[in-house]
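Undergrad: Please work out how this folds:
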Amino acid sequence: MAGAGTRTHVLITLGVLFTIGGLTRVLPSTLAAAEETAADEHASDAEPHGEIVPASYSMPDDSTPAEEQICLTGAAAEALASDQEALAARADALREQELALRSRSQELDRQAAELAALKTTIDDRWKSMATSADNDIQHLAQMYSAMKPDQAAGIFNQMDPGFAAGFLRLMPSDQAGLILAGMQADKAYIVSVKLASKNGDIRSASTPQ
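TA: Below you'll find the predicted structure:
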């Protein structure tokens, strides 16, 4: 009886082992088929939503953090904006300088025109005064010529020698000689020298070079 029980136990053990071996051979293929079915179902579920991942998709370069890239981009944009503002300010300054120079040039032209007009006015006035002075001297010379020589000689004795020579030069020679003859000798001599000097200047000016 003991031998029969032993054989029965051995047969049961062998049956269990054969069952486990069969399951071991069937289980991997079953699991693989189940995984393929699940993958197909997941793909079919993803397609209606358009979640298609391109085969050539590559991950972004993580060598530089996104925060740092944004910071550099912002700094470059800020520097560019600053340069543009500086250029605009420089252009405005140049325009202001150009307007200031143009206004200054116009002011200088206006002042130059005023000076030219003033010079013309002064020249005209000087000519008028010189003409009037010449006319006055001519009138006085005629008056002295009409006087008696001894009366005129007394007046010429009191004059500056150069001034007296100027009057005598405008008088007729005979009348001037009578006045000189009636003057004091020393005064007549000085007036004669002045008169000769004036006549010499006139002759030098009229002589062709």
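Undergrad: Walking through the chain, point out its helices one by one.
TA: 2-46, 66-146, 149-158, 161-170, 173-182, 185-206 (DSSP state H).
Undergrad: What are the buried residues along stretch 172-187?
TA: Buried residues in stretch 172-187, counted by 16 or more other C-beta atoms under 10 Å: 175-176, 178-180, 182-183, 187. Every residue, glycine included, has its C-beta placed from N, CA and C.
Undergrad: now that stretch: mean pLDDT?
TA: The average pLDDT within stretch 172-187 is 91.
Undergrad: Could you do stretch 141-151 as well?
TA: Taken as a whole, stretch 141-151 has a mean pLDDT of 90.
Undergrad: next one: stretch 95-111
TA: Averaged over stretch 95-111, pLDDT sits at 91.
Undergrad: Can you find the helix or strand of the chain with the lowest average pLDDT?
TA: helix 2-46 (a mean of 55; mean pLDDT, DSSP states H and E).
Undergrad: Val193: what's its closest spatial neighbour, skipping adjacent residues?
TA: Pro161 (7.8 Å; C-beta to C-beta, 6 or more residues apart in numbering).
Undergrad: And Leu178, by the same measure?
TA: Leu178 sits nearest to Pro149 (C-beta to C-beta, 6+ apart), 3.6 Å away.
Undergrad: ok, that neighbour - how many residues close by?
TA: For Pro149, the neighbour count with other C-beta atoms under 10 Å is 20.
Undergrad: And Lys119, by the same measure?
TA: Neighbours of Lys119 (other C-beta under 10 Å): 10.
Undergrad: try Leu168
TA: Around Leu168 there are 27 residues (other C-beta under 10 Å).
Undergrad: List the contacts of it.
TA: Leu168 makes contact with 156, 176, 179-180, 191, 195 under the criterion C-beta atoms under 8 Å, 6 or more residues apart in numbering.
Undergrad: returning to what we had before: how much space between the residue nearest to Leu178 and Met159?
TA: 15 Å (C-beta to C-beta, to the nearest Å).
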